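# with the sequence up front, the predicted model follows.
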Amino acid sequence: MALSVTDRTGLAQVLGALTAQASRLAAARGAPVLVSHRERVPWVDPIDAFSWAAELADDRGLWLRPDEGMALVSVDVAHAIEPDAPDRFAAAAAAWRDLLAGALLSGDGPGPALLGGFAFDPARPATPRWRGFPAARLVLPRLMLSLHGRDAWLTVNAVVGQDDDPAAAARQMVETWRAFMAGCPAPPAPRSQPWERGNGTTTNRSPLPELGAGPGVRAAPDWHAAVAAAAAAVRRGELEKVVLARALHVEEPAPFDLDAALRRLRDAYPTCYVFAIARGERVFLGATPERLVRLDEQGVRVASLAGSIRRGATPAEDRALGAALLASAKDRAEHAVVVRAILAALAEHCVDIQAPAEPTLLTVRNVHHLYTPVTARLRDGATLFDLVGRLHPTPAVGGMPRAAALRYIREHEGLDRGWYAAPVGWVDAAGHGEFAVALRSALVAGAEATLFAGCGIMGDSDPEREYAESAVKLRPMLAALGIEEAGTA
């Protein structure tokens, strides 16, 4: 239920009236009512806002597309959706639909939205490393900062039950709003491009040393053997493709500077999705080039990304490496598997599905990818969560056939991926939103970090080459965390 608040007599009065009405509606409905109010606010750097939010709450989130000038920053939790049902995506859609039923929405600009993600494989037992990151967790924050170019809005949310004190709920909303606005750092001096920042990246491209394996992290020789075994399984016809991930565990004398890490990722990967989900001391962050799915007025957009090669040290070498990737039979076959699976997954919920016949290169700072964009239109009655559930995991991060590949990963990978290679993103009250595949990422807890990378294994995969490719994929997070040297395990 949308409310037009024209009498701006103050935030406290507006929220007091909304929560009082919500309390009456909750009593009549026998269910809690969402109250959401938004207003324009001065522009602020989203990474500054995310960092400052640590003073207010343990639960925070950041979603950033530097090249599009778009960001979301979530602060604290008004309501969390954590379905553990077998179909967690459908359960999340139903819970969001129920929460929006009868909602009181006030103000102009972006309305309430969920921000969060999912675990890669809920059937795999979780380890303590991923405590706080369950099979699914989508947060309606107490506060959400939405940035589009130089426009900024702040949304405050509360869920009011029939037994709640509406005046107390309004006071908490006002206090949260004022605390955030009072302490949030002032924006930088105006720029023609406010999202472009100074370069904070490292440029070291020397071969990566072997880092400590750490608890639950496989040493390099074991991973080589796992790749060889997976390639043999593909050759025997047990699988068409399977993706194996590996991790590096790093410990430093002092806690990692996550503010600096996020700035480095934003500077170095402006076309990627930069994200961070904080649960207390644990923060899952990264910069992924891979969109799982976007749904908006333009329809459905999916990115097929599979097949990779490093960048060259010179323009000539870089062009040669890109050409070699486009000509690689192994990488083209791996890519074709992913495109075919995406087209099949979209067919259930979409019409007018289109994809180019040939892939192109998608190039980021340190790697070339084979890339095929796929577009479609959503069928009536389908949701963004339907698409996420059908697409995840794509063969780019799981394998093909899906069930056999997931079973093989559970039995042979030897790694709790947690939220790595899983959907992270957001959805708004209109059902629009975007989820990306959480690649090029790390789970950081104080002075410890676990970094993840994976490779698609085909029948002709070479363990040494796959290991080298995974090392290239680890570079973004190593550089972001400021790790340029490390001892041998």
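Received the coordinates, thanks.

# ok, residue 311 - how many residues close by?
Applying other Cβ atoms under 10 Å, we find 16 residues neighbouring residue 311. Quick note: C-beta positions are derived from backbone N, CA and C, even for glycine.

# ok, residue 354 next?
Residue 354 has 10 nearby residues by other Cβ under 10 Å.

# any idea what it is bridged to?
residue 375 (DSSP bridges).

# that one against residue 374, yeah?
Yes: at 7.1 Å, residue 354 counts as touching residue 374 under the criterion of Cβ atoms under 8 Å.

# now do the buried residues in whichever strand or helix holds residue 172.
Take DSSP states H and E as the rule and residue 172 turns out to sit in helix 166-183. The neighbour-count criterion (16 or more other Cβ atoms under 10 Å) identifies 166, 169-170, 172-174, 176-177, 180 as the buried residues of helix 166-183.

# would you point out the most distant pair within those residues?
Between any two of the buried residues of helix 166-183, the greatest separation by Cβ to Cβ is 21.5 Å, found for 166 and 180.

# any idea how many residues pack against residue 317?
Using other Cβ under 10 Å, residue 317 has 12 neighbouring residues.

# check which helix or strand it maps to.
Counting by DSSP H and E, residue 317 is part of helix 315-327.

# per-residue pLDDT, the most centrally placed residue in the chain?
In the chain, the residue lying closest to the centroid (Cα atoms, centre = their mean) is residue 424, at 3.0 Å. Looking at residue 424, its pLDDT reads 98.

# and if you look at residue 329?
In this model, residue 329 is scored at 90, pLDDT.

# again, but for residue 125
On the pLDDT scale, residue 125 gets 87.

# roughly how far does it sit from residue 119?
Note on residue 125: its distance to residue 119, by Cβ to Cβ, to the nearest Å, is 11 Å.

# which of the two has more neighbours?
In this view residue 125 and residue 119 are compared by other Cβ under 10 Å, and residue 119 has more residues nearby, 23 against 8.

# now do the phi/psi pair for that one.
phi -80, psi 150 (degrees, to the nearest 10).

# list the contacts for it?
126, 130, 133-136, 417-419, 422 (Cβ atoms under 8 Å, 6 or more residues apart in numbering).

# distance check, it against residue 290.
Using Cβ to Cβ, one gets 17 Å for the distance from residue 119 to residue 290.

# and residue 399, by the same measure?
Distance check for residue 399 against residue 290: by Cβ to Cβ, it reads 16 Å.

# swap in residue 244?
Taken as Cβ to Cβ, the span from residue 244 to residue 290 is 17 Å.

# of these two, who's got more company?
Shown here are residue 244 and residue 290; by other Cβ under 10 Å, residue 244 has more neighbours (26 against 23).

# where's that one relative to residue 415, distance?
From residue 244 to residue 415 the distance is 9 Å (Cβ to Cβ).
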